[in-house]
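Asks: sequence and predicted structure, then a few things I'm wondering about:
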Amino acid sequence: MEAINDSPSTIEEYIAQFPRDVQQILSKIRAVVIESAPEAVEKMSYQMLGYYLNGGLVWFGAYQRHIGLYPKTDDMVASIQELSTYKGTKGSVHFPLDQPIPYELIAKLVRFRVAENLRKVSA
């Protein structure tokens, strides 16, 4: 799967550049993030969908074989056991496109990041 437009300027353009099945996944993740962090500000950042609440919260994007969710933090890995079943990098978790997307886990990760950012602000 290749993106049609390398530099989308809006979230809608970003989502629209992918095949219909991936568009549906991205739209659903977007809804989950908004529901989990309703006060977050949404904008394109790092050529992905980005959300900010007291600093950077989460970003996500589609790739050929997975959806990448950023950032994954060390505290998150230590606290959320379900993350151990997914691959990723130090700062990301990858959800394979050939498997069901764990929307409840994504909601949990976003809520975790909201709590992390709120702790940083109050410290």
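Replies: Structure received. Numbers count the residues shown, from 1 in each chain.
Asks: hey, let's count contacts and neighbours off CA atoms from now on
Replies: Fine.
Asks: so where do the helices sit in this protein?
Replies: Using DSSP state H, the helices found in the chain span residues 11-16, 20-36, 74-79, 103-122.
Asks: ok, residues contacting stretch 67-80?
Replies: 57-62, 83-84, 88, 90-97, 109, 112 (CA atoms under 8 Å, 6 or more residues apart in numbering).
Asks: got the CA positions of that stretch in PDB?
Replies: Below are the C-alpha coordinates for stretch 67-80, written out as PDB (Å, rounded to 0.1, in the frame of the first residue of the first chain):
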ATOM      1  CA  ILE A  67      -0.700   1.000  12.000                       C
ATOM      2  CA  GLY A  68       1.900   2.700  14.100                       C
ATOM      3  CA  LEU A  69       1.000   4.400  17.300                       C
ATOM      4  CA  TYR A  70       3.500   6.700  18.900                       C
ATOM      5  CA  PRO A  71       4.700   7.300  21.600                       C
ATOM      6  CA  LYS A  72       5.000   4.200  23.600                       C
ATOM      7  CA  THR A  73       6.700   5.000  26.900                       C
ATOM      8  CA  ASP A  74       8.600   2.800  29.300                       C
ATOM      9  CA  ASP A  75       6.000   3.300  32.000                       C
ATOM     10  CA  MET A  76       3.300   2.300  29.600                       C
ATOM     11  CA  VAL A  77       5.200  -1.000  28.700                       C
ATOM     12  CA  ALA A  78       5.600  -1.700  32.400                       C
ATOM     13  CA  SER A  79       2.000  -1.000  33.200                       C
ATOM     14  CA  ILE A  80       0.000  -2.400  30.300                       C
END
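Asks: buried set for stretch 85-94?
Replies: Within stretch 85-94, the residues scored as buried using 16 or more other CA atoms under 10 Å are 88, 92, 93, 94.
Asks: quick one: contacts for residue 65?
Replies: 96, 97, 98.
Asks: what's the PyMOL syntax to select whichever of these are buried?
Replies: Selecting only the buried entries of the contacts of residue 65 in PyMOL, with 16+ other CA under 10 Å as the criterion:
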select buried, resi 96+97
